[in-house]
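Peer 1: The sequence and its predicted three-dimensional model are supplied below.
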Amino acid sequence: MKKWGILTVCLLLTGSLLAGCGDKNSDKTSGSDNGGSKTEAKTIVLGTSADFPPYEFHKMIGGKDQIVGFDIEIAKQIAADMGANLEVKDMDFKALLSELSSGRVDFVISGMTPDENRKKAVDFSNNYYKAEQAVVIREKDKDKYSTMKSLEGVSFGIQTGSIQEDIAKTIPNAKITGLSKINDIIMQLNSGRVDASIMEKPVAEAFLKNVKGLAIADAVPDYKEDGYAIGVKKGNTELVDHINKTLDRLNSEKKIEQFVSEASDLAAQK
């Protein structure tokens, strides 16, 4: 689940923001003698690991490096519904939960599965998307790795702190090299330093459209997951409730399906 910079996306809207986003991001309201006040302008900070197309990734658009993807589109909708400015912070995937717990970011969207260990540290929204897992190999090795058993003892490049790391650890005698970024894993795989990797299928497909010499193996990890959710600091039920309302709206409008399709097309463009 993840080089070129940090994008700040500002949605200049008015309205009120839930107190759970924290005073650190707020402009103070100034009153007057007659009891009047100015509308607060607040910022909600998103933490993400932007090397995970089509979820979140860097793209040069109009000569500018931007962070895009369907997770980012969901974050924009959350901020818009809150009448807030959205600030996006790009970081290593393994740092996301600690940044959230410390309050340096308000919520996390990064193709993250709400497993039991993570639930102990942070709260999660309802699930918003579910994807299959895939094994990525060099194209010339496609016939070699047709079953999960054929991957026993193989060297894997895996994103540190990810669900895929947990899956790889279940493969007997697997040699695991942990890396922070998916891009680095692709380079290691292409250069022959590792033999395989496990990724979300949409992520694998997005990379394979732009990287020659790689393929998705016939071997499929036997892993059942609950899908992806949005992380929020433990106890911030107000923000969780707000996020769930936005997700309900997006699902009813079939917007998430639209965002996935658009982000996948964008990721495939050179």
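Peer 2: Everything's here; your move. Residues are numbered from 1 along each chain as shown.

Peer 1: Please verify my assumption that V68 contacts L266.
Peer 2: Yes. If you go by C-beta atoms under 8 Å, V68 and L266 touch, sitting 6.1 Å apart. (C-beta placed from N, C-alpha, C; glycine too.)

Peer 1: which one of these two has more residues nearby?
Peer 2: Neighbours per residue (other C-beta atoms under 10 Å) separate V68 from L266, with V68 holding more: 21 against 17.

Peer 1: So what's the residue count around the residue nearest to that one when sequence neighbours are not counted?
Peer 2: Spatial nearest neighbour of V68, excluding adjacent residues (C-beta to C-beta, 6 or more residues apart in numbering): K59 at 5.0 Å. For K59, the neighbour count with other C-beta under 10 Å is 18.

Peer 1: quick one, helices of the protein?
Peer 2: All helices of the chain, identified by DSSP state H, fall at 70-82, 96-102, 116-121, 163-169, 182-191, 201-208, 237-252, 255-268.

Peer 1: so where's the stretch 101-250 of the chain uncertain?
Peer 2: Applying pLDDT under 70 to the stretch 101-250 of the chain picks out residues 225-226.

Peer 1: Endpoint to endpoint, stretch 140-147 covers what distance?
Peer 2: End-to-end distance for stretch 140-147, by C-alpha to C-alpha, to the nearest Å: 16 Å.

Peer 1: Tell me the buried residues in it?
Peer 2: Across stretch 140-147, burial judged by 16 or more other C-beta atoms under 10 Å covers Y145.

Peer 1: Can you report how many residues neighbour E139?
Peer 2: 11.

Peer 1: Quick check: the spatially closest residue to it that is not a sequence neighbour vs D143, distance?
Peer 2: Leaving aside its chain neighbours, E139 sits nearest to A215 (4.3 Å; criterion: C-beta to C-beta, 6+ apart). For A215, the distance to D143 equals 10 Å [C-beta to C-beta, to the nearest Å].

Peer 1: Which segments of this protein make up each domain?
Peer 2: As assigned by automatic domain parsing, the chain contains the domains 19-129+227-268, 133-216.

Peer 1: What ranges does the stretch 1-150 of the chain have for its strands?
Peer 2: Using DSSP state E, counting those that start in this stretch, the strands of the stretch 1-150 of the chain run over 43-48, 51-52, 56-61, 64-68, 85-90, 107-108, 122-124, 133-138.

Peer 1: any idea of the angle the third one forms with strand 43-48?
Peer 2: Counting by axes from the mean of the first three to the mean of the last three C-alpha atoms, to 10 degrees, strand 56-61 lies at 100 degrees to strand 43-48.
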